[in-house]
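Undergrad: model this:
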Amino acid sequence: MSQFETFFENTKNSNDFVQNAQVMEYLGNVLKNIAQNPKNPLPPEETHAIREFAAAEMKRLLDAIPKAGTHREKDAMFYYENSLLMVYTLAGKDMDNVSDGHLKTIEELVKLINGEREFENAVESMLKSDKVEKADADAVIAKAKKIKDEYLRGKLYQILNEYKENIKIFTHEAKNAFSAYIAEDMEKLFKKAGSNAEAANSLELAADVCKYFINDKISEILGKILTLKIDSIRFYALETLLNNKKEVPSKAVSELAENLSYAALTYSVLVEYGKSELFPKEYATPEYLAKSDMVHWLIYPTELNKEPDEIELLGTAKVKKELYHIFKYKSDSENIEDLAGEWLIGWSGNMGGTFSNFDKLSDFEKKTPRKTLKNIVKKLLK
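TA: Sure thing, here's the model as predicted:
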């Protein structure tokens, strides 16, 4: 039996392809570490077991991808395919011993995914060229307009953001063509965002990337977005307007400041653009901003994936010139099911040292709060 059998069993029986991909990425890191130790190489039988598993999973994807109902579902499978190929490659020093059957499976899957990613490939190809002319922009825009799947159409904004350094290769005419399309699409997304999650996700991406294509119409739509009660979108609209030296309403700033997930980010971007006076004074306290920073870190999918149910300040400490606000928090997040109801420890540093490893407060408690805080600093921050 392979020493990696647990990885295989957990993934081959699961249709959570994002989680499967993350498990394979972890396995990939394990294989990289093994490869760095030539005195203890991976045994041939382990290489065989890993590659047999990866090939079997790739065959499963060949069957599953065409049956997926949405492009979001397919995208998760593409992610898994990429991690499987990584693990397959890392399992051996070379590809000389790859069987014809495995090679055929890999080729078929790569071909299938390239066909499914026709739109994303077209956008990426455009952004990797030497120059983007208006005809190039028009060709991509024409493809985008035909797409009914909101998630797939929103990939345009995701890819533009990933290749933002390449937007400089757009000619003036090409950029104007994209500005007109983005304004038109954002108007449609704005009308749907309140009731359509995929439209809201696309609008969030667009509100960020449109800073590179700003025009009067886009600025007008960004102003409308600030009236939405979706702060993840409003924050990017605010940042883009500030980036382009546009006025922003104090009401929108105040409402973002009230949201612990976005208060610290909002304050930071206002300071960056010299508009900190717009941030309500009652929220501009070190404790509140540190708590907001902590909460924003915890909502990441790899952490709690949601705001904590409760969060309280334990105290502050200075470690190596950085000031830390140390918090205790509780959460019923599925990411930490075994710790439900427990007070956990996290901290926010004024120089960016924000973190939590889900340590239980009870493991560090002493007779007094002051001694407890001192123990946390000693064990976790020094």
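Undergrad: Helices along the stretch 251-382 of the chain, start to end?
TA: Secondary structure of the stretch 251-382 of the chain (DSSP state H, counting those that start in this stretch): helices at 263-272, 286-298, 369-376.
Undergrad: And for the stretch 51-200 of the chain?
TA: Secondary structure of the stretch 51-200 of the chain (DSSP H, counting those that start in this stretch): helices located at 71-90, 100-116, 118-127, 134-146, 150-162, 172-192, 197-209.
Undergrad: Could you dump the ones you listed into CSV and include mean pLDDT and mean neighbour count?
TA: C-beta: built from backbone N, CA, C; applies to glycine. Shown next, in CSV, are those (pLDDT from 0 to 100; neighbours: other Cβ atoms under 10 Å):
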stretch, mean pLDDT, mean neighbour count
helix 71-90, 96, 20
helix 100-116, 96, 14
helix 118-127, 97, 17
helix 134-146, 98, 15
helix 150-162, 96, 21
helix 172-192, 97, 19
helix 197-209, 96, 22
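Undergrad: Take those and lay them out in JSON lines including distance to I218.
TA: Output for those, formatted as JSON lines (distance: least, Cβ to Cβ, whole Å):
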{"stretch": "helix 71-90", "distance to I218": "25"}
{"stretch": "helix 100-116", "distance to I218": "31"}
{"stretch": "helix 118-127", "distance to I218": "19"}
{"stretch": "helix 134-146", "distance to I218": "15"}
{"stretch": "helix 150-162", "distance to I218": "13"}
{"stretch": "helix 172-192", "distance to I218": "5"}
{"stretch": "helix 197-209", "distance to I218": "9"}
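Undergrad: Can you say which of these is nearest to E337?
TA: helix 71-90 (22.0 Å; Cβ to Cβ).
Undergrad: Show me what the closest one is packed up against.
TA: Using 3 or more Cβ pairs under 8 Å, 6 or more residues apart in numbering; DSSP states H and E, the elements in contact with helix 71-90 are helix 17-35, helix 44-64, helix 100-116, helix 150-162.
Undergrad: can you rerun that using 6 Å?
TA: Under the contact definition 3 or more Cβ pairs under 6 Å, 6 or more residues apart in numbering; DSSP states H and E, helix 71-90 sits against helix 17-35, helix 44-64, helix 150-162.
Undergrad: Which of those sits closest to D359?
TA: When these are compared by Cβ to Cβ, helix 17-35 sits nearest D359, at 21.1 Å.
Undergrad: list the buried ones in the closest one?
TA: Applying a neighbour-count criterion of 16 or more other Cβ atoms under 10 Å, the buried positions in helix 17-35 are F17, N20, A21, Q22, V23, M24, L27, G28, L31.
Undergrad: what about F4, distance to K59?
TA: Using Cβ to Cβ, to the nearest Å, F4 is found at 19 Å from K59.
Undergrad: more crowded one of these two?
TA: Neighbour totals were compared for F4 and K59, and F4 leads with 18 against 15 (other Cβ atoms under 10 Å).
Undergrad: Have a look at this protein and report the helix or strand with the lowest mean pLDDT.
TA: Least confident helix or strand of the chain, by mean pLDDT, DSSP states H and E, is helix 5-12 with a mean of 85.
Undergrad: got the angle between that one and helix 71-90?
TA: Put simply, helix 5-12 runs at 160 degrees to helix 71-90, going by axes from the mean of the first three to the mean of the last three Cα atoms, to 10 degrees.
Undergrad: Not including adjacent chain positions, what is the nearest residue to L323?
TA: Closest residue to L323 apart from its sequence neighbours, by Cβ to Cβ, 6 or more residues apart in numbering: N350 at 4.6 Å.
Undergrad: Look up phi and psi at the one you found.
TA: phi -70, psi 0 (degrees, to the nearest 10).
Undergrad: Looks like it contacts H325 (just checking).
TA: No: under the criterion of Cβ atoms under 6 Å, N350 makes no contact with H325, lying 8.2 Å away.
Undergrad: These two: who's more crowded?
TA: Each of N350 and H325 has its neighbours counted (other Cβ under 10 Å); H325 has more, 23 against 17.
Undergrad: Could you tell me how far that one is located from L152?
TA: Distance of H325 to L152, given as Cβ to Cβ: 42 Å.
Undergrad: And for E184?
TA: As judged by Cβ to Cβ, E184 and L152 stand 17 Å apart.
Undergrad: ditto for L189
TA: 14 Å.
Undergrad: go on, E45?
TA: Going from E45 to L152 by Cβ to Cβ gives 42 Å.
Undergrad: same thing with D231?
TA: Relative to L152, and taking Cβ to Cβ, D231 is found at 25 Å.
Undergrad: still on that earlier bit, could you dump the buried residues of helix 17-35 into TSV and include distance to K321 and pLDDT?
TA: As requested, these are exported to TSV (distance: Cβ to Cβ, whole Å; pLDDT from 0 to 100):
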residue	distance to K321	pLDDT
F17	44	96
N20	43	94
A21	39	95
Q22	35	91
V23	39	91
M24	40	94
L27	39	93
G28	37	93
L31	39	92
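Undergrad: Let me know the closest of those to V295.
TA: Set against V295, the nearest of the buried residues of helix 17-35 by Cβ to Cβ is Q22 (23.3 Å).
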